[in-house]
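**Student:** dropping the sequence and predicted coords here.
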Amino acid sequence: MEGRALFDPLVVTSPRSAFEPLGDRNFRLLWTGMLISQTGSWMQFTALGYLLDQLTKAPVYLGLLGLSQAIPRLLFAFIGGVAADRLDRRRVLLSTNLVLMGSAALLGVLAHAGRIQVWHILVIGAFNSFTQSFDVPARQSMIPTLVGEVHLMRAVSLSAMALNGSGVFGPSLGGVLIALTGVAGCFFVNALSYTAVLMALLRMKVPPQAVGGVSFRQDFQEGLSLLGRHRHLLAVLAVIGVLSFFGRPYIRLMPALAREVLHVGPQGLGVLQSAVALGAILAVFVVGTIGHVVPRGRVLLTTATVAGAMVVLVGFSPWFASSVVLLVLAGINQALAMASANTLLQTTVQPDQRGRVMGLYSMVNFGMFSLGTLPMGALAGVIGVGPALSLGGAAVIALTAGLALAMPVLRRL
């Protein structure tokens with residue numbers, strides 16, 4: 001069964017079929033809660049970037065924020081994956097979302113009191129990343145238990161739509177709220193938004209999770225050995241690592257791009273960040289129409305390459321309107337690449353190993369994205385934001401092509 005799942009092509013027949021997983025009550029509850037909660041998270045994301053850029057006027061500090069978030073994810077995401085396979089995933093998610101709610105409230109209090117400083121942003125960003133190291137593997141590995149493997153690709157795409165698509169209106173609302181109330185309003189609204197996902201988790205009826213009787217150390221070692229037994233997992237993670245490190249830091253550097261290159265304020269920044277999220281929504285419809293003859297590995301390689309090309313063009317674009325269009329296209333291809341990789345990883349291993357695989361995925365996906373922001377931010381401070389982004393996109397194209405040649409298994413997945 002594992003071998004057959006590895007080479008099954010993506011089977012989706014129509015745009016309407018992309019929404020079939022929402023027919024499951026548990027997944028619908030989780031998805032709705034994530035949509036509301038992530039709207040608040042995008043508002044906080046916009047507010048943090050804007051606040052840090054205003055406090056420092058230096059892109060390198062946006063890179064430092066990325067580094068502060070990368071280190072906990074790189075260190076603890078796999079441990080979070082082990083925990084997702086050993087503990088009740090719903091209880092893990094209840095705990096992590098309560099902690100993140102408190103963190104957002106603390107940011108709001110500090111900002112409202114006028115006491116927030118750069119080090120507060122960096123420390124709280126690192127703490128949130130540590131918490132999400134346990135949240136993401138538990139959430140991602142829960143999805144197949146709700147919808148089954150047949151609908152997994154569609155469910156993953158819909159999850160990306162909730163996580164990123166909420167950014168269509170989240171950043172825009174954040175920009176408006178910053179203009180009206182200051183950044184503190186975004187932080188307080190984000191804290192309130194976590195009640196949606198908490199209520200959804202409490203209402204879900206999830207079957208008891210089977211947990212093995214081996215030790216934590218044995219689970220940890222077994223998770224690492226998966227990379228040796230399934231070499232294509234390493235190939236998929238390598239592509240995601242390249243895309244995340246070189247091709248996605250523009251998301252974190254968007255405040256500097258808005259201010260230095262496109263000369264727009266917080267509302268314009270909200271529109272730019274919304275454009276990427278709109279792409280994630282449109283990607284759901286692409287999943288619903290893509291031909292069944294297209295293997296997931298080929299989807300991954302193609303969309304990663306196109307995403308890199310869009311980032312190159314964003315770096316060259318001096319116009320706001322064209323940048324918005326390019327960011328939508330970048331968002332579509334990034335979402336497709338992530339959904340393809342996520343599905344390939346989860347359908348290869350056994351259900352009780354999915355938490356650990358998603359821990360590795362989270363470590364590479366978010367960890368490399370945040371880690372890449374520091375050198376990209378430093379480079380932007382030397383040669384400018386636009387040229388730095390274009391170099392990053394060019395690196396994605398070149399390295400993805402190199403991986404396709406060095407790891408031919410990617411083209412057959």
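**Tutor:** Structure received.
**Student:** from here on, contacts and neighbour counts on C-alpha atoms
**Tutor:** Will do.
**Student:** please name the nearest non-neighbouring residue to Ile397.
**Tutor:** Thr305 (5.0 Å; CA to CA, 6 or more residues apart in numbering).
**Student:** the one you found and Ala238: what is the separation?
**Tutor:** 13 Å (CA to CA, to the nearest Å).
**Student:** between those two, which one's more packed in?
**Tutor:** Thr305 (26 against 17; other CA atoms under 10 Å).
**Student:** wait, what's in contact with that one?
**Tutor:** Contacts of Thr305 were listed using CA atoms under 8 Å, 6 or more residues apart in numbering, and they are Val396, Ile397, Thr400, Ala401.
**Student:** by neighbours, which of the residues you listed wins?
**Tutor:** Of the contacts of Thr305, with other CA under 10 Å as the count, Val396 tops at 30 neighbours.
**Student:** in the helix or strand that contains that one, what's buried?
**Tutor:** Using DSSP states H and E, Val396 maps to helix 385-406. By 16 or more other CA atoms under 10 Å, the buried positions in helix 385-406 come out as 385-397, 399-401, 403-404.
**Student:** quick one, helices of the stretch 51-200 of the chain?
**Tutor:** 59-86, 89-112, 118-147, 152-160, 170-181, 183-203 (DSSP state H, counting those that start in this stretch).
**Student:** could you say what helices and strands the host helix or strand of Leu345 packs with?
**Tutor:** Per DSSP H and E, Leu345 falls inside helix 320-348. If contacts are counted by 3 or more CA pairs under 8 Å, 6 or more residues apart in numbering; DSSP states H and E, helix 320-348 sits against helix 2-7, helix 152-160, helix 231-242, helix 266-289, helix 296-316, helix 354-383.
**Student:** next, the angle from the last one to helix 59-86.
**Tutor:** What it means is helix 354-383. 180 degrees (axes from the mean of the first three to the mean of the last three CA atoms, to 10 degrees).
**Student:** the inter-axis angle of helix 354-383 versus helix 231-242?
**Tutor:** Using the same axes, to 10 degrees: helix 354-383 against helix 231-242 is 30 degrees.
**Student:** what is helix 354-383 packed up against?
**Tutor:** helix 59-86, helix 118-147, helix 231-242, helix 320-348, helix 385-406.
**Student:** do that again at 10 Å, thanks
**Tutor:** In terms of contacts (3 or more CA pairs under 10 Å, 6 or more residues apart in numbering; DSSP states H and E), helix 354-383 is packed against helix 59-86, helix 118-147, helix 216-229, helix 231-242, helix 254-256, helix 320-348, helix 385-406.
**Student:** wait, what's in contact with the residue nearest the centre of the chain?
**Tutor:** The residue lying closest to the centre of the chain (CA atoms, centre = their mean) is Phe366, at 6.2 Å. Contact partners of Phe366, counting by CA atoms under 10 Å, 6 or more residues apart in numbering, are 66, 69-70, 73-74, 77, 129, 132-133, 240-241, 244-245, 248, 372.
**Student:** for Val261, same thing?
**Tutor:** Val261 touches Pro255, Gly315, Phe316, Ser317, Pro318, Trp319, Phe320, Gly384, Val385, Gly386, counting by CA under 10 Å, 6+ apart.
**Student:** among those residues, name the buried ones.
**Tutor:** Among the contacts of Val261, those buried by neighbour count (16+ other CA under 10 Å) are Pro255, Gly315, Phe316, Ser317, Phe320, Gly384, Val385, Gly386.
**Student:** all good on my end, thank you.
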